[in-house]
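In: no letters, just coordinates:
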């Protein structure tokens, strides 16, 4: 496994978005960096991803992590545009490092797409343990409480309070097994979203995204093991 990502975002399959050149060589033949995009604007069914002024992914579907793009190490400008829109320069600056896959979640609105890079603690789990965290990127959600069960504790407990938009929990460590995430309206028992079992094996590190759902509400999107 690799070490991990940047800051603020059930074995879920990582599905490739349509792309003509996501594996094409970077300048100079250096393709040691990896960039993965998670489209998170529910009102856009698909986006195109522009890196350094060139379109690198087309029709990346909402809520589906793309196949990683191979790029050179170092800084790149990453921009998301509605599908079919011409590529332009600019965007968020991300830094790709050896051994990492940098994950970028696209949030905002169709007219103002905002790529946000996820990061982590930089620490691997202890032997025999796995780690999981939740990132709240559901802009239209009301105030929420977020709960979890984990392999070594089967009763729902909160991650943190308060849990505002754009916040991420610390990584929580547990023995290998399944976790469940539940989101409620703050201060109530009203369940807004609940995941199925999310597998975290020994030495795995997983991030769970809370995104706006296309039909309203909250979508829980687990990312693959890092």
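Out: Now that the structure is in, tell me what you want to look at. Values in this document were obtained by computation on a predicted structure and should not be read as measured data. Residues are numbered from 1 along each chain as shown.
In: switch to C-alpha atoms for all contacts and neighbour counts from now on
Out: Fine.
In: can you report how many residues lie near residue 42?
Out: Neighbourhood size, residue 42 [other C-alpha atoms under 10 Å]: 23.
In: gap between it and residue 51?
Out: 22 Å (C-alpha to C-alpha, to the nearest Å).
In: again with residue 68
Out: Applying C-alpha to C-alpha, the value for residue 68 to residue 51 is 13 Å.
In: helices or strands up against the helix or strand harbouring residue 34?
Out: Assigned by DSSP states H and E, residue 34 falls within strand 33-39. Here strand 33-39 touches strand 69-71, strand 92-96, strand 101-109, going by 3 or more C-alpha pairs under 8 Å, 6 or more residues apart in numbering; DSSP states H and E.
In: neighbouring contacts of that strand?
Out: 46-47, 60-74, 96-107 (C-alpha atoms under 8 Å, 6 or more residues apart in numbering).
In: tell me which of residue 68 and residue 51 has more neighbours.
Out: Neighbour totals were compared for residue 68 and residue 51, and residue 51 leads with 24 against 20 (other C-alpha under 10 Å).
In: any idea of the pLDDT on the more buried one?
Out: Residue 51 carries a pLDDT value of 96.
In: got the contact list for residue 175?
Out: With C-alpha under 8 Å, 6+ apart, residue 175 has these contacts: 128, 129, 130, 151, 152, 201, 202.
In: any regions of this protein where pLDDT drops low?
Out: 1-30, 120-123 (pLDDT under 70).
In: could you chop it up by domain?
Out: With domains defined by automatic domain parsing, the chain comprises 27-117, 130-222.
In: to residue 124, which of these lies closest?
Out: domain 130-222 (7.0 Å; C-alpha to C-alpha).
In: the closest one: end-to-end distance?
Out: 15 Å.
In: what about residue 86, how many residues nearby?
Out: Neighbours around residue 86, by other C-alpha under 10 Å: 12.
In: for residue 111, same thing?
Out: For residue 111, the number of neighbouring residues by other C-alpha under 10 Å comes to 8.
In: what about it, distance to residue 166?
Out: 19 Å.
In: residue 74 reaches residue 95, doesn't it?
Out: Yes. Contact criterion C-alpha atoms under 8 Å: residue 74 and residue 95 qualify, at 5.0 Å.
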